[in-house]
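In: fold the following, please.
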Amino acid sequence: MANITKEDVLHTANLSKLKFEDSAVEGFRETFEKIVDMVESLNEVDTEGVEFTMNVADNESYMREDVPVEPWNREELLRSVPTAEEGYIQVPAIIDNGEGDA
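Out: Residues are numbered from 1 along each chain as shown. As a prediction, this is how the structure comes out:
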């Protein structure tokens, strides 16, 4: 049985940029424990003699002819975005390098 702690939940939430109410942490801890237990139960499955399978679907890669086309007009493209700076689309920061909230 997995032993997921409150600190594990809070650490995972922080890495995922999530914030839980204190009242919800125990519920997430129990859910995470059940998930880890379920995944660990797969170790009990006898796979002796089962052929390795990377993909169960018969997928084929279809290649198209590589045809050169005119590039997008940067000015026209930048007119359709909320904010742009120095010719680039400006987006909110999502990575904080461990220095607090992004």
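In: any idea where the strands of this protein begin and end?
Out: Remark: strands assigned in the chain by DSSP state E are 84-85, 88-89.
In: where's the last one relative to the chain centroid, distance-wise?
Out: If I follow you right, that is strand 88-89. 24 Å (Cα atoms, centre = their mean, to the nearest Å).
In: partner strands of that strand and their direction?
Out: Applying DSSP bridges, strand 88-89 is found paired with strand 84-85 (antiparallel).
In: hmm, who's touching the partner strand?
Out: Contacting residues not belonging to strand 84-85 are listed as 78, 90 [Cβ atoms under 8 Å, 6 or more residues apart in numbering]. Backbone N, C-alpha and C define where each C-beta goes, glycine included.
In: cool, stretch 7-21 as well?
Out: With Cβ under 8 Å, 6+ apart, stretch 7-21 has contacts from 25, 28, 29, 32, 94, 102.
In: show me the contacts for the first one.
Out: The reference is to residue 25. Contacts of residue 25 by Cβ under 8 Å, 6+ apart are 6, 9, 10.
In: only whichever of the residues you listed are buried, select them in ChimeraX.
Out: One line in ChimeraX is enough to select the buried members of these, burial here meaning 16 or more other Cβ atoms under 10 Å:
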select :9,10
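In: give me the neighbour count for the closest residue to residue 1 other than its chain neighbours.
Out: Nearest non-adjacent residue to residue 1, counting by Cβ to Cβ, 6 or more residues apart in numbering: residue 37, 5.9 Å away. By other Cβ atoms under 10 Å, the residues close to residue 37 number 12.
In: cool, residue 16 as well?
Out: The tally of other residues near residue 16 (other Cβ under 10 Å) stands at 8.
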